[in-house]
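S.K.: Predicted coordinates and the sequence they were generated for:
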Amino acid sequence: MDTTSTSKELRKFLLGAILGASFFLVLAGVVEIAISREEQCYRENQRMRLAVNNYDVCLPQWESYFLRSTSRGIVWTLNHDAPAPLGWVVMLFFYSVLGGFCAQISRNWGIVTFFAVGLGAVAIFSGMGYFLEFIVF
């Protein structure tokens, strides 16, 4: 086994992992700002008694689930009351590993694969979060 080749692959993996982690940190920061604005809207709606359903006044339910699954991932999907930092750590690890593996692919396909798999995972997490509300454990 050639050590130069292994070292080059490891550097590519680490660079991809760092880029994936930095992408997630920026994304999670923006999403958490939107989530806090939504929670503020819920509190204001309850205080003013504008509508019976928060989803009529604030963000729609699908958008709320999409935001939470984007930032908190599988941890939020399985337990809606789980602490947000736990979800951030798990999703940071997910995006880092995904970025590292996608860095091994050619540049254009790696970027497309990173975004496609990331968006697919978020869609699956938000759908599971919605359907798990109706399943009693």
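M.R.: Nice, thanks for sending it over. Numbering: from 1, shown residues only.

S.K.: Can you name the helix or strand that Leu14 falls in?
M.R.: helix 3-48 (DSSP states H and E).

S.K.: Against which helices or strands is the helix or strand following that helix packed?
M.R.: Counting by DSSP H and E, the next helix or strand C-terminal to helix 3-48 is helix 54-57. Counting contacts by 3 or more CB pairs under 8 Å, 6 or more residues apart in numbering; DSSP states H and E, helix 54-57 is packed against helix 3-48. Every residue, glycine included, has its C-beta placed from N, CA and C.

S.K.: Helix, strand, or coil at the nearest residue to Ala21 once chain neighbours are set aside?
M.R.: Spatially, and ignoring its direct neighbours in sequence, Ala21 is nearest to Ser96 (4.5 Å; CB to CB, 6 or more residues apart in numbering). The local conformation at Ser96, judged by DSSP: H, G, I helix; E, B strand; the rest coil, is helix.

S.K.: worst-scoring helix or strand of the chain, pLDDT-wise?
M.R.: Sorted by mean pLDDT, DSSP states H and E, the helices and strands of the chain end with helix 54-57, the least confident at a mean of 79.

S.K.: List of residues touching that helix?
M.R.: Cys41, Tyr42, Asn45, Gln46, Leu50, Ala51, Gln61, Ser64 (CB atoms under 8 Å, 6 or more residues apart in numbering).

S.K.: Val31 and Ile105, how far apart?
M.R.: 26 Å (CB to CB, to the nearest Å).

S.K.: So these two - more neighbours on which side?
M.R.: Val31 (18 against 15; other CB atoms under 10 Å).

S.K.: Now do the more buried one against Trp109, distance only.
M.R.: Counting by CB to CB - Val31 and Trp109 are separated by 26 Å.
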